[in-house]
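**Student:** turn this into a model:
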Amino acid sequence: MTVLDQIVAYKKEEVLFAKAKTPLVKLLDQTLYRRKTYSLRDSIEENPFGIIGEIKRKSPSAGNIFPDLNVAELGHAYQKSGVSGISCLTDLPSFGGKTDDLYELRFEVSLPILRKEFIIDSYQIHEAKAIGADAILLIADILSPLQISEFVDLAHTLHMEVLFEIHQEDELKKCSGEEDLIGVNNRNLHKQVTDLSTSVSLFASLPKDKTLISESGIKSLEDLTLLQNIGYHGALIGESILKQAKPDEFIKHLQSLKNEN
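**Tutor:** Numbers count the residues shown, from 1 in each chain. I've put the predicted structure just below:
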């Protein structure tokens, strides 16, 4: 089994446990379930090039990145830096995240929050709404076209947006056409190999009426400038920010320079 296969296998068990612990009816009664959401798409489009800062403690490819991460402190740093949104991992075994991270973050920032998760069940979408997410990630590689269409419809019913993630061109066939943002993941989730040229080679095939995001492996101003010049509207950046002593100053540095292009 590949890393992604393993994640999906335990995710199925995790969802069953979550349903037993907190039935759907209880999620629907949560205060945050009724809150008005922020638009991640609009927040990105309002900037010359939007940055989504990520919150995670580790990853299968990098190992421990920021094990002592303080969600509130990092959330404040991100908001101070002027990012367009925050991606919060809620997967524990592989990324060190949990739903409580996103729930805590929601009370600390007034930015759009993307729930970064391996969503395979509609329960997780209701859960995302209940813990304060404004958008969800749907990964083409682990979902059928029917699941994607149903999950997009459900997210929109709950006034959340969808970032639809692909890694190769044929996965675009699964797109329902109603997704809000399209993300190209430069990391092969099966092999855990990252190559920024994935975003370069796939751009011509992407629907230009969507907000387009490049994800993973973005390390420098040169990378950011390349993506902006190609036509991407934003980038999701994790490890490169989290490894900085002062993440907010690093992001501000990128923001000030990219706005000159």
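**Student:** any low-confidence regions in the stretch 151-261 of the chain?
**Tutor:** Low-confidence segments of the stretch 151-261 of the chain (pLDDT under 70): 256-261.
**Student:** 80 instead?
**Tutor:** Scanning the stretch 151-261 of the chain with the threshold set as pLDDT under 80 gives 253-261.
**Student:** which residues of it fall in helices?
**Tutor:** Secondary structure of the stretch 151-261 of the chain by DSSP state H, counting those that start in this stretch: the helices cover 197-202, 221-230, 239-242, 247-258.
**Student:** compare those helices and give me the one nearest Val152.
**Tutor:** Val152 lies closest, by CB to CB, to one member of the helices of the stretch 151-261 of the chain: helix 197-202, at 20.3 Å. C-beta here means a position set from N, CA and C on the backbone, and glycine is covered the same way.
**Student:** surely Leu226 and Val200 touch.
**Tutor:** Yes. Using CB atoms under 8 Å, Leu226 is in contact with Val200, at 7.4 Å.
**Student:** list the contacts for Gln192?
**Tutor:** Gln192 sits next to Val3, Pro60, Ser61 when contact means CB atoms under 8 Å, 6 or more residues apart in numbering.
**Student:** winner for burial among the helices of the stretch 151-261 of the chain?
**Tutor:** Sort those by mean neighbour count, taking mean count of other CB atoms under 10 Å, and helix 239-242 sits at the top with a mean of 21.
**Student:** CA atoms of that helix as PDB?
**Tutor:** Extracted as PDB, the C-alpha positions of helix 239-242 are listed here (Å, rounded to 0.1, in the frame of the first residue of the first chain):
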ATOM      1  CA  GLU A 239       6.700  23.700   5.100                       C
ATOM      2  CA  SER A 240       8.600  26.700   3.700                       C
ATOM      3  CA  ILE A 241       6.700  29.000   6.100                       C
ATOM      4  CA  LEU A 242       6.700  26.700   9.100                       C
END
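**Student:** can you name every helix or strand that that helix contacts?
**Tutor:** strand 50-55, helix 247-258 (3 or more CB pairs under 8 Å, 6 or more residues apart in numbering; DSSP states H and E).
**Student:** centre of the chain to that helix, how far?
**Tutor:** 14 Å (CA atoms, centre = their mean, to the nearest Å).
**Student:** over to stretch 233-241?
**Tutor:** Taking mean C-alpha positions (CA atoms, centre = their mean), stretch 233-241 and its chain are 10 Å apart.
**Student:** ok, back up a step: separate out the buried members of the contacts of Gln192.
**Tutor:** Among these, those that count as buried by neighbour count (16 or more other CB atoms under 10 Å) are Val3, Ser61.
**Student:** mind naming the longest helix for this protein?
**Tutor:** helix 3-21 (DSSP state H).
**Student:** buried residues of the helix or strand just after that one, list them for me.
**Tutor:** Downstream of helix 3-21, the next assigned helix or strand under DSSP states H and E is helix 24-27. Within helix 24-27, the residues that count as buried by 16+ other CB under 10 Å are Leu27.
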